[in-house]
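K.L.:
Task: produce atomic coordinates for the following.
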Amino acid sequence: MKKYIIWMVIAIVGITSCSKDYLNPLPTNSVSDEQIFSSVAAAQTALNAAHRYIGTYTNHTLAYIMSDVMGEDATVTSGAYGRPTYNWNMFSYSYSQEPSSNPWWSGYANYIWPALYKAIDHANSIIAFVPELPDEAGKEELIAKAYGVRGYCYLWLVRLFAVPYNVNPNSPGVILRLEPAVATSDHLPRSSVKDVYDQIIKDLLYAYEKCSPEKTDFITPKAAALLLARTYLDMNDYPNAKKYAEAAAGNIFNGSNLMSKEEWQSGFKDHNSEWLWYHHFTPTTCNIYASIPSFYYHAERYIGYEYGAKVDIDDMMSDKAVDMWDGYGTVRWTKAFVDTFEDGDARKRFPFYFYEEDGFYTSKFGHRTMMGDAEFPMARIAEAYLIKAECEAHLGGNAKAVLNALQVKRGATPTEGTLEKIYLERRKELYGEGHRLHDIRRLHQPLIRSIHPEHWTKLDLPADSPRFMLPIPENEMMHNNALTPNDQNEYWR
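P.N.:
Predicted coordinates:
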């Protein structure tokens, strides 16, 4: 009999996993079908577990940070400038990750892939078994949220492990597992990118149409709409991307539904009305130092230094630091990127640096009561503005008005509504939130690092480079009988 994990009894997801976890996740601490699917309230634990796998640092921290440090604006300290590095992010930054089945530092695919598929398996179980329960309050809501989780997970998987939709929708995507996994589950091949996107749209539409707007720590209709807008933007389907961006923003694009400058500058750690979906990370669920703020943040500023100034290395750990949280602090930002922000722009959250060659710290993300205690936005209305502006630019609409509303709200000078300006605004608004790699890929942009002194990996890659894709994990390749060596992504064969 299949068993299902209850998230409350697990202190943390282990770094290593059984080689057959992808096909048959059978956790040690578990309860039977009859117990977990005896009522809607009991089945809620399966949804909690799915969120737990999405939020585990072996997925969330790695995938989101990776998607920025594989770009050109962020860098990872080399450890040569007075601050030790932390190996985990170095391998994604330097494009030296591998499909190893015993990855530890370097095999990111072997963390992200199983975490997302475990979340998918819990969503599949809810979708399969909860409809059989007697009707009671919350039943349809639970099913709808499970569809939303599944759509979200497949969107991340196909963006990381497959060719972009607008390059070749008929190329191999990821594996569509739509039934609860059991010991006798079929081994499945990779579905096409198109088939995966079709499934994502079906799942997110279900969530959009049936989810409750309450409790933004779970997916809501507006959050599902924003994910649909992202999905359609990947597909160059601008009318539908525009439609769902408007739904996500409540069709309000005058700036009134965006965070104030003060909220933006407070450091992202508490959800607000602009956040359509957020995840609450605790020191237990994110493993404290493995939280996103731990890698981005060091201090708010230093007393006696102007904002954005060079701080003497002797003051790094001194009492001149304001609101210091001494995590890893290894992700930095290039001077060229920092210089794209005007001084009055609320998003210019780069309070200091120690060495020119090592890049700027950011204080965009912070901690609350202790390190690892923070909320993180999974979907924000600002992204809906940017998607709508991009679609309007393609469709001949008033992209400038939408873009300017966002810029004015942030304290930036309004610009023309060209695609070039919109793409730059995406980088400035969404940095650190896991978007840059996906934009490089869908926009067919090259990666240019050689012109930036902060990059110790002087790596330039052409547009549509196969190195932008992660490898299918070695464990999947070894234990899924439906795959052959030719199913591995091109660069990794």
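K.L.:
only C-alpha atoms for contact and neighbour calcs from this point on.
P.N.:
OK.
K.L.:
which ones are touching N254?
P.N.:
Contact analysis of N254 by CA atoms under 8 Å, 6 or more residues apart in numbering lists V402, A405, L406.
K.L.:
Just these: which are in helices?
P.N.:
V402, A405, L406 (DSSP state H).
K.L.:
Now neighbour count and pLDDT too, for those, in TSV please.
P.N.:
What follows is the ones in helices among the contacts of N254, written out as TSV (neighbours: other CA atoms under 10 Å; pLDDT from 0 to 100):
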residue	neighbour count	pLDDT
V402	23	98
A405	18	98
L406	24	98
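K.L.:
which among those gets closest to S171?
P.N.:
The shortest gap between S171 and any of the ones in helices among the contacts of N254 belongs to V402, at 34.7 Å (CA to CA).
K.L.:
Do I have it right that the closest one meets F253?
P.N.:
Yes: shown here, V402 and F253 form a contact pair, counting by CA atoms under 8 Å, at 5.9 Å.
K.L.:
Find the residues that touch each one of these two.
P.N.:
Y385.
K.L.:
pLDDT below threshold where in this protein?
P.N.:
1-35 (pLDDT under 70).
K.L.:
Let me see the ranges of the strands in it.
P.N.:
3-5, 30-32, 74-76, 275-281, 301-302, 309-310, 321-322, 331-333, 352-353, 374-380 (DSSP state E).
K.L.:
which residue is nearest the centroid of this protein?
P.N.:
Y64 (4.1 Å; CA atoms, centre = their mean).
K.L.:
Could you double-check that it lies in contact with Y431?
P.N.:
No: counting by CA under 8 Å, Y431 is not a contact partner of Y64; they are 10.3 Å apart.
K.L.:
any idea how far the closest residue to the residue nearest to the centre of the chain other than its chain neighbours is from L142?
P.N.:
Of all residues not flanking Y64 in the chain, G434 sits nearest, at 4.2 Å (CA to CA, 6 or more residues apart in numbering). For G434, the distance to L142 (CA to CA, to the nearest Å) stands at 27 Å.
K.L.:
Need the contacts of N254 in JSON lines (columns: distance to A290).
P.N.:
Shown next, in JSON lines, are the contacts of N254 (distance: CA to CA, whole Å):
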{"residue": "V402", "distance to A290": "36"}
{"residue": "A405", "distance to A290": "36"}
{"residue": "L406", "distance to A290": "32"}
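K.L.:
Identify, from these, the entry nearest to N236.
P.N.:
V402 (19.2 Å).
K.L.:
Throw the strands of the chain into a markdown table and include distance to H60 and mean neighbour count, thanks.
P.N.:
Shown next, in a markdown table, are the strands of the chain (distance: least, CA to CA, whole Å; neighbours: other CA atoms under 10 Å):
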| stretch | distance to H60 | mean neighbour count |
| --- | --- | --- |
| strand 3-5 | 19 | 23 |
| strand 30-32 | 23 | 15 |
| strand 74-76 | 17 | 27 |
| strand 275-281 | 10 | 22 |
| strand 301-302 | 27 | 24 |
| strand 309-310 | 31 | 16 |
| strand 321-322 | 28 | 16 |
| strand 331-333 | 16 | 27 |
| strand 352-353 | 26 | 24 |
| strand 374-380 | 10 | 22 |
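K.L.:
What is the burial count for the residue lying closest to P189 once chain neighbours are set aside?
P.N.:
Closest residue to P189 apart from its sequence neighbours, by CA to CA, 6+ apart: A482 at 5.1 Å. As a burial measure, A482 scores 14 neighbours (other CA atoms under 10 Å).
K.L.:
what sits against A482?
P.N.:
H187, L188, P189.
K.L.:
For it, give its distance to I112.
P.N.:
Counting by CA to CA, the gap from A482 to I112 is 21 Å.
K.L.:
Next: G372.
P.N.:
On the measure of CA to CA, G372 and I112 end up 20 Å apart.
K.L.:
Do I have it right that V69 meets W88?
P.N.:
No: in this structure, V69 is not within contact of W88 by CA under 8 Å, at 11.6 Å.
K.L.:
More neighbours: which of the two?
P.N.:
Neighbour comparison, V69 and W88: the larger count goes to V69, with 26 against 17 (by other CA under 10 Å).
K.L.:
Could you pull up the residues touching that one?
P.N.:
Counted by CA under 8 Å, 6+ apart, V69 has contacts T75, V76, N89, S92, Y93, V331.
K.L.:
Could you identify the most distant pair in those?
P.N.:
Top of the distance list for the contacts of V69 (CA to CA): S92 and V331, 11.7 Å.
K.L.:
relative orientation of the longest helix along the chain and strand 374-380 in degrees?
P.N.:
Secondary structure of the chain read by DSSP H shows that its longest helix is helix 139-161. Helix 139-161 and strand 374-380 are oriented at 90 degrees to each other (axes from the mean of the first three to the mean of the last three CA atoms, to 10 degrees).
K.L.:
Who are the packing partners of helix 139-161?
P.N.:
Judged by 3 or more CA pairs under 8 Å, 6 or more residues apart in numbering; DSSP states H and E, helix 139-161 is in contact with helix 40-55, helix 109-129, helix 193-210, helix 221-234.
K.L.:
from the chain's centre, how far out does that helix sit?
P.N.:
13 Å (CA atoms, centre = their mean, to the nearest Å).
K.L.:
tilt between that helix and helix 40-55?
P.N.:
20 degrees.
K.L.:
Tell me which residues touch the residue nearest to K421 when sequence neighbours are not counted, please.
P.N.:
Excluding the flanking residues, the one nearest K421 by CA to CA, 6+ apart is T415, at 7.2 Å. Taking CA under 8 Å, 6+ apart, we find T415 in contact with K400, L403, N404, K421.
K.L.:
export these to CSV and tack on neighbour count?
P.N.:
Below are the contacts of T415 laid out as CSV (neighbours: other CA atoms under 10 Å):
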residue, neighbour count
K400, 19
L403, 28
N404, 22
K421, 14
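K.L.:
what's the closest of the residues you listed to A207?
P.N.:
Nearest to A207 among the contacts of T415, with distances taken as CA to CA, is L403, at 28.2 Å.
K.L.:
quick one: that closest one from Y385, how far?
P.N.:
Relative to Y385, and taking CA to CA, L403 is found at 7 Å.
K.L.:
Kindly check the end-to-end length of stretch 410-426 for me.
P.N.:
End to end - CA to CA - stretch 410-426 spans 13 Å.
K.L.:
In it, which residues are buried?
P.N.:
Going by neighbour count (16 or more other CA atoms under 10 Å), the buried part of stretch 410-426 is R410, G411, A412, G417, T418, L419, I422, Y423, E425, R426.
K.L.:
Switch the residues you listed over to a markdown table; also include distance to G308.
P.N.:
Below are these laid out as a markdown table (distance: CA to CA, whole Å):
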| residue | distance to G308 |
| --- | --- |
| R410 | 18 |
| G411 | 17 |
| A412 | 18 |
| G417 | 29 |
| T418 | 29 |
| L419 | 29 |
| I422 | 25 |
| Y423 | 24 |
| E425 | 21 |
| R426 | 22 |
